[in-house]
Every structure is written in structure tokens, then in C-alpha cells.
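Participant: Kindly generate the corresponding structure for this input.
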Amino acid sequence: MKKVFCLLLPFVFSGTVHTNSYCSCSCSPGCCESSVKQLSEKKEDSVSIKEIVKQEYGKVAEGKPNNVTGSLCCGTGGCCGGGSDLSQYLGYTAEELSAVPDANLGLGCGHPVSLGNINEGDTVLDLGSGAGIDCFLAAKKVGTTGNIIGVDMTEAMIQKARDNTQKYGFENVEFRLGEIENLPVASNSVDIVISNCVINLSEDKLKVFKEAHRVLKPGGKMYVSDVVLLAPLSTEQKNDSNLICACVGGAILKKEYIKKLEMAGFNIEIVGEDAEIGKTWFGNNDLQISSLKFIAYKKL
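Facilitator: So this is what the prediction gives:
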């Protein structure tokens, strides 16, 4: 069975919600129309992209019907989703997933914790920490002398992550409500920043990178998995029914993404790239997107 990730329903181009997208062909009749109508109403009310994302991800955290997974619309896993079923494809081991099962919502496009060294005693910051899976995996690496900070802008996600912290007994992990464009973290206080398919959702990626640079100690590093475009989307691709719910809408061209990292002061090392995700996720050979895995270094 072919499944794709459900990260965001509306496509975002220059801050605009394009509601002429459709649900995946596996949706039950009528499910898509209600989603499109809801987003159209939100657009008319001048609700920001950020507010839409917060609302829909809040529903994911609470296990309610939502436009991210299509829950209760297309059955278990959603018409567009089932991302958690692909976690091992992304690099998570069965042991990692079984250790913190409630923390894995299947909303990523990689395994940032595995991209580089995380040492005992490190302070690690996760941008868009969700239910906490990457924070908990990092916590095991930093040990009792290290600290993990997860930042998420969705209150329900923060609560779910905090509940998971207590459930799994982590004493070196904390979750803070905040935005990745305005991090509630002190300058020069973090050894490692991680992020898993979240930065593409931001409308101001340069500000995100500048904030990451600010909080990192000199010589600190970012380990990131994110989606980028390898070519501009055509009008047909923007309206392709199979692209709904994906993190494609907020993505930018790879060269532009790297340029913004450099503008923020980073040196970049690309450590992996999956340019087959258009085919893997959507069954579309013409969709020029890539899951980019990289390390960004703050200069000493």
C-alpha cells in the first residue's frame, strides 16, 4: 500500500491559501469538499497560514478529525497519511519506535537525530518538536548531564509532549510553547539544533535560520531533515489532487533554501538527499521535490 505524509492541507504560495486542491483519490466522497470549504472560509476571514497550521496540528495532537491526516474521513491513517507507517523507511529503528510509541505521529521526512554526533552533556533544541519523538531519542544520547528543549507553537502538541515526558520518565527534557521564528531560548546556549520537516512550513525561513544561529553556541550545529523543491511547481502540480496534505506547499527551491542558510551565517554540509520522494510519497515521477538532510555549522 502506498502512503504519503500528511503535513499540511493548504498549499502556500506567497502567503496565500490555495483551496483549489483536492483530497487524494482514496478519500471517501464528500470528505474533500468540506475541507476545501472550511479553508475557503478561513481565507475570507483573513486567518493566517500559521493559525491554520496551529489549529490542524492541535487536532492531530488531540486525536480529533483534522485536515492534516483526514482522520474519520478516509479511515485509519487518513486518506493522505499513514506517515507513522513509514518511519522505518525514514531511518527510525523498530527499537526506537517501540520505546516511545505515543511520541511518533508520523509527521517527519527524515531522522535528524541520526545525522550527526550528539554527545553526553549536550544541550539540544528541537524546532517544531511535536509529540516529542526526536527529543526523547536525543535525550538518551545526552544522558543525565545534558538537556533537551523542544519548541512548538501548538498548545495541544506541547501538552501531549509533556504528558509523554512524564509517561516515559524523562527528567532531562522540557517543552516550551513558542514559534521557531522567535525562539524562547537564550542566545549562545545550545550545542545542537535539530528539526524534522518543520521549517518548510514557515513563511519566513531566513528568520528561522537566524534564530537557530543566535541560540547556538560558537561551533554549534544544526541537524535537519526538510523538503525542498528541485524545480518550480507547475500550475498543474499546484492543483494536483495527490499533493494534498503534503509539505510541498510551503517548500522553496533547494538553492534558495541553502542561500538563506548561508545568509544566516551557516556553513552547510549536505549529508543525504532523497529525490525520489515524489514517486515514493505520491506516485508522481514528475514532481521535482527532495527530502534534504544536512548539517549546518555555526562558525567559531
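
Participant: Please determine how far residue 131 is located from residue 252.
Facilitator: As judged by Cβ to Cβ, to the nearest Å, residue 131 and residue 252 stand 26 Å apart. Backbone N, C-alpha and C define where each C-beta goes, glycine included.

Participant: These two - which one has more neighbours?
Facilitator: residue 131 (26 against 17; other Cβ atoms under 10 Å).

Participant: where do the helices sit along the stretch 201-300 of the chain?
Facilitator: 205-215, 235-238, 254-263, 277-282 (DSSP state H, counting those that start in this stretch).

Participant: Format those as TSV; extra columns: mean neighbour count, distance to residue 120 and mean pLDDT.
Facilitator: Formatted as TSV, the helices of the stretch 201-300 of the chain follow (neighbours: other Cβ atoms under 10 Å; distance: least, Cβ to Cβ, whole Å; pLDDT from 0 to 100):
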stretch	mean neighbour count	distance to residue 120	mean pLDDT
helix 205-215	21	20	98
helix 235-238	13	45	69
helix 254-263	16	28	98
helix 277-282	20	34	76
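
Participant: okay if I get the ones you listed as a markdown table plus distance to residue 143?
Facilitator: Shown next, in a markdown table, are the helices of the stretch 201-300 of the chain (distance: least, Cβ to Cβ, whole Å):
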| stretch | distance to residue 143 |
| --- | --- |
| helix 205-215 | 21 |
| helix 235-238 | 46 |
| helix 254-263 | 30 |
| helix 277-282 | 34 |
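
Participant: what's the closest of the ones you listed to residue 156?
Facilitator: Residue 156 sits nearest to helix 205-215 of all the helices of the stretch 201-300 of the chain, at 21.7 Å, using Cβ to Cβ.

Participant: And that closest one, what does it pack against?
Facilitator: strand 123-127, strand 190-196, helix 254-263, strand 289-298 (3 or more Cβ pairs under 8 Å, 6 or more residues apart in numbering; DSSP states H and E).

Participant: who's in contact with it?
Facilitator: Residues from elsewhere that reach helix 205-215, judged by Cβ atoms under 8 Å, 6 or more residues apart in numbering: 125, 127, 180-183, 185-190, 193, 199, 202, 222, 252, 257, 260-261, 263-266, 296, 298.

Participant: same question, stretch 161-169
Facilitator: By Cβ under 8 Å, 6+ apart, the list of residues contacting stretch 161-169 reads 99-100, 102-103, 129-132, 135-136, 150, 152, 173-175.
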